[in-house]
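Student: Mind looking at a prediction? Sequence and model below.
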Amino acid sequence: MPAISMKVNGEAVCGDVEGRTLLVEFIREKLGLTGTHVGCDTSQCGACVVLVDGKAVKSCTALAAAHDGADVTTVEGLARDGKMHPMQEAFKDNHGLQCGFCTPGMVIASIDMVNRLGKNLSEETIRHELEGNICRCTGYHNIVAAVKAGAANM
Amino acid sequence: MDNGTGIGARVKRKEDHRFLTGKGNYTDDINLPKQTYAYFVRSPHAHATINKIGTSKARNMPGVVGIFTGEDVAATKLGGLICGWMIHSKDGSPMKAGPHPILALGKVRYVGDHVAVVIAETREQAKAAAAAVEVDYGVLPHVVDVADAMGHKAQIHDVAPDNRVYNWSIGDEAATDAAFKRAKHITKIDLVNNRLIPNAMEPRAAIGCYDTGAEHYTLYTTSQNPHVARLVISAFHGLAPEHKLRVIAPDVGGGFGSKIFIYAEEVVCVWASRFVGGRPVKWTAERTESFLADAHGRDHVTHAEMATDADGKIIGFKVHTKAAMGAYLSTFSSCVPTYLYATLLSGQYNIPNIYAEVDALYTNTAPVDAYRGAGRPEATYVVERIVETAARELKMDPAEFRRKNFVTQFPHQTPVIMCYDAGDYAATLDKALEIADVKGFAARKAASAAKGNYRGLGYSAYIEACGIAPSAAVGSLGAGVGLWESAEVRVNPVGTVEILTGSHSHGQGHETTFAQLVSDRLGIDINNVSIVHGDTDKVQFGMGTYGSRSGAVGMTAISKALDKIEAKAKRIAAAVMESSPDDVEFKNGTFTVKGTDKKMAFGEVALSAYVAHKFNSAQVEPGLKESAFHDPSNFVFPAGVHIAEVEIDGDTGVTTVVNYTAVDDFGNVINPMIVEGQVHGGITQGIGQALAEGAVYDKESGQLLTGSYMDYQMPRAADVPSYKLGFTCTPCPSNPLGMKGCGEAGAIASPAAVMNAVTDALGVVDVPMPATPHVVWKYMQHLKKAAE
Amino acid sequence: MENFNYYRPASVDDAVKAAKAKPDAKYMSGGMTLIPTMKQGLASPSDIIDLGALKNSGIAVGATVVIKAGTTHAEVASSADVKKAIPALAALAGGIGDPHVRHKGTIGGSVANNDPAADYPSACLGLGATIHTNARKIKAEDFFTGMFSTALEDGEVITAIEFPIPKKAGYAKFPNPASRYAMVGVFAADTAEGPRVAVTGAGAGVFRASALESALGKGFAAGSLTGAAVPAKGLNSDLHASAEYRAHLITVMAKRAVDAAK
């Protein structure tokens, strides 16, 4: 059983995992960080997206063992000093979430989008870049508005 | 009070902070000490006898704690799953409900049917052992298409030799036939309402635990109505009396109807806990299981005819629908294609004669039950597609044909039970025409044509009946339960308020909107109000959230409890201020005595109620807590006009919704931001139905071909546009808040709007849903051939 | 999924050694196809040899474009060098999967897996790339041998892909509406040896469309493709598209690829 250690939300963590243990299982079950969700089994819904070394990845399609030494940020690690990240704020301000299940992945994916493409995002770009994240509640209308606003405030 | 948080304000949601910071508490987030994991053995066949289930190999696998089959369930006398709405055929016979065992007994009836459960120390161990359970099946003929089901050689239930559950009718057949005889024109259409898979993003999950000491069960579950789950599991399955069973539905990640129903898996978890020594049993559906075993939606095949007179007035409407029930009758399935469907066939129109007949049929597929809109999207699809077609055939402008036939006087009794109470359909139409810039459409169509593309415009003037429902009325129609709602208002001594509601929020934002009502009524800070729901031990009772009922029914119950709070608080304030309760007025959170400068803040009265020093407890009880049950006197009738504009790529057949306008009349609105969000989501699900989503079972093998997101197209962000919304308002007269319902309207209206636009673009009567690029391309090929 | 032994070798040699020692071992690069395949129970290797620690990523542009096997789709898509030398290749990489997949998925993994609906094989075949392995160099024509099958020997590992720089090239994809994999993807290149057109998603594996190549011989312009078609016979036919529709889309996408060519 490989022993792994990584930094999650700024804290050093370690644990024993099986080869098959997925990163999302490690995060949810070993670390108890249940903000990262699993919404499908074919790597498409994006509810499990976290930042690994600053880049958005699907934690349901990543082996925990392969992330020994990685720096992981989950939705729990976005707020600073009790204040939500501007993208989190923007989702709230623009009603970019309803049931909240896809939300952690959406927010992380949106932050990653801004990190890659900058603050000035067109509606078309935002919609295209959200290809890896499925939401069943909002119809995306307010998510697009949230990402636009959140990007401007990042 | 602060105008910023009252009724009508765009209050930011109170629940968002926890969801946005990863602190939501969904069922799968909960882990209990000594928890075990369940994995279900499911049928690989559409229809088969179970000759033998061999579990010995699996029992010896690592970590296995228990394996149970239908016989084990039967041995404990646990009752099967039920359908709670009795429908009678037109010949008076009751519907033919076949048995629905919690784990299969002797037979499986669809791919994914629950055969056995394996409980193990870990999820992976349970899954591995489930694969080692050996089931000897005797494969039987199957039928998966509702169009083929009637009298098919695959007989699914003994009680229904021809696979027909019921043959139900509504309306006056003779009068409708007579109207057709006088008709100037008859429009005919054949439509398929495609089968959908709900796909709430949170898969279903459950943790069942049995406390061996207290002999008490607890079930954590992804439910839209935990009290109904407790009632059914207790009264019908007979697991335990209600006081020995607690059902908790914590944060629930979307429902859309699919989490109303009482399913086998959840019942198994709570039942099996007792047989694994009281250890908690946890099950979380893999998405593949959600596809296979969540109740699906729609799946109708319909023939409809509409009669019009020389003046372009609709004089008669006849509908025949075959509705798939799937392999078993799910909890509320039977009412969906009957009372939730055919009672809306009058649409927004004054149609004097309507007759509809519905054959509900078993098929070897997952059960079909209510999915966002439940019956009303199907009704709207039939009405709005045929109305559009009639207008085209009569060479009338589709908007004006609708206007000519609109109901304009209220109340309006339709020939199909419903009595519309309020509306202004012309006003919503006018507003929609303006927002959608219908005047500019011809130029946009020409521009598309110049690029080799097709462009079309489609209307959907929907009406729906929600805020379900008056108990006596639904009882007379066969419902097994009443559809009132309950609420309790607990005022704490410091003046903060807890609302306990039987409604359940799984995305609708009740923690905010319900608090807005309280903030508005009691004049207190919205942050001093909390909403408690989803726990049968906390909330006295409830009927849950579906059918866009939580505003019109759930909030009215709260409002009634608040009336009682105000009345009692006035008596307490009167005693403290040494005046008569009749002279006490309450406004903006302050009690005043008429003609004096005496006043008390709400919080002071609350404290006085609990301190109880200043009034005679023999005359006024201490404390400030009231409850209310509200049973609505009528359905509520949201209505609106949606206009879709599509462009079809002439090379590929890809249909893009380029403009979408929705003008809705929801009566009074508590929080426009949340209402808009509901509309956006509903429209997208409807666009999904129209252009993308369709559950497909293979005719030959009976397998579900669309069993994952690899094959079932969920609408993604780039598949839909931003929407243009407008609102009109005719307050609902049947509840004090004047509210209608907004949760389903988008999904009800949009498929017809989109498909009217697609057929307008191509100049054909019908294109089947989902109008995928492949489907549309095939139609374009026909058109090109026809043109040659 | 079934459990497996996990290795993370630090060198290609170690990786090959480990693979040769375990007959049921599989290499994993980004894991974007392998992990979902294992989760569905469609593959249960005894051992996973993760190539992630090889740090074998990077792009070198000279007379050809050489992309090391461990280079992610995101890195290819955003590479200024690739955008300049073969813009179609950067665009193709930028359209694989979704942003999260592109952060993990690698060119070597995609090419080695040879999913019939993957994008990269069409670029390899369309440009006449050479696949470099630990043992040899293989021409794309010889490399892709059918559905999920390649010329790689047991234990052989891709180290880099070398692309000749065309005069111009374009890629157009019609995604499967559900999975977003290519239902039809066409890579069209105007090369020193003449036009090359490679099609993915439509058949059992990537293939060159000779009918379209000869049509483009009249001139590398979309107009040359009018009337040209790949026969439907032998193309995939499924829930999402018939063989006839795929055949139709091949010509449409080929025109779009040529139109987009830079």
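Tutor: Noted; the coordinates are in hand.
Student: Distance-wise, check the residue nearest to A:L97 when sequence neighbours are not counted relative to C:R208.
Tutor: Among residues not flanking A:L97 along the chain, A:T103 sits closest, at 4.3 Å (C-beta to C-beta, 6 or more residues apart in numbering or on different chains). (C-beta placed from N, C-alpha, C; glycine too.) Computed as C-beta to C-beta, to the nearest Å, the A:T103 to C:R208 distance reads 45 Å.
Student: neighbour-wise, which of these two wins?
Tutor: The residue with more neighbours, out of A:T103 and C:R208, is A:T103; 31 against 19, by other C-beta atoms under 10 Å in any protein chain shown.
Student: Can you give me the neighbour number for residue 11?
Tutor: Reading this off chain A. Neighbours around A:E11, by other C-beta under 10 Å: 9.
Student: right idea, wrong chain: chain C
Tutor: Each residue near C:S11 was counted by other C-beta under 10 Å, and the total is 11.
Student: Kindly state the pLDDT recorded for it?
Tutor: pLDDT, C:S11: 95.
Student: got it, and B:Y341?
Tutor: For B:Y341, the pLDDT comes out at 98.
Student: ok, for it, nearest residue in space, not its chain neighbours?
Tutor: Excluding its sequence neighbours, the residue lying closest to B:Y341 (C-beta to C-beta, 6+ apart) is B:G375, at 3.5 Å.
Student: what residue ranges in chain B score low on pLDDT?
Tutor: Scanning chain B with the threshold set as pLDDT under 70 gives B:1-3.
Student: can you do 90?
Tutor: Within chain B, the segments meeting pLDDT under 90 span B:1-4, B:617, B:782-788.
Student: from it, which residue is nearest to chain A?
Tutor: B:G22 (1.9 Å; C-beta to the nearest C-beta).
Student: Which residue, other than its chain neighbours, is closest to that residue?
Tutor: That would be A:G35: by C-beta to C-beta, 6+ apart, it lies 1.9 Å from B:G22.
Student: pretty sure that neighbour contacts A:E76?
Tutor: Yes - using C-beta atoms under 8 Å, A:G35 is in contact with A:E76, at 4.9 Å.
Student: So which of these two has more stuff around it?
Tutor: Comparing A:G35 with A:E76 by other C-beta under 10 Å, the one with more neighbours is A:G35, at 26 against 20.
Student: Can you classify the more buried one as helix, strand or coil?
Tutor: Classification of A:G35 using DSSP: H, G, I helix; E, B strand; the rest coil returns coil.
Student: could I get stretch C:47-64 in PDB with only the CA atoms?
Tutor: The C-alpha coordinates for stretch C:47-64 follow below in PDB (Å, rounded to 0.1, in the frame of the first residue of the first chain):
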ATOM      1  CA  ASP C  47       0.000  -3.400 -12.500                       C
ATOM      2  CA  ILE C  48       0.000   0.200 -13.500                       C
ATOM      3  CA  ILE C  49       3.200   1.700 -14.600                       C
ATOM      4  CA  ASP C  50       2.700   5.400 -14.200                       C
ATOM      5  CA  LEU C  51       4.900   7.400 -16.600                       C
ATOM      6  CA  GLY C  52       4.100  10.600 -14.800                       C
ATOM      7  CA  ALA C  53       7.400  10.700 -13.000                       C
ATOM      8  CA  LEU C  54       9.400  10.600 -16.200                       C
ATOM      9  CA  LYS C  55       8.800  14.300 -16.600                       C
ATOM     10  CA  ASN C  56       9.100  13.600 -20.300                       C
ATOM     11  CA  SER C  57       7.300  16.700 -21.600                       C
ATOM     12  CA  GLY C  58       8.500  19.500 -23.900                       C
ATOM     13  CA  ILE C  59       8.200  20.700 -27.400                       C
ATOM     14  CA  ALA C  60      11.100  21.300 -29.800                       C
ATOM     15  CA  VAL C  61      10.500  23.100 -33.100                       C
ATOM     16  CA  GLY C  62      13.100  22.900 -35.900                       C
ATOM     17  CA  ALA C  63      12.700  21.400 -39.300                       C
ATOM     18  CA  THR C  64      10.000  19.300 -37.600                       C
END
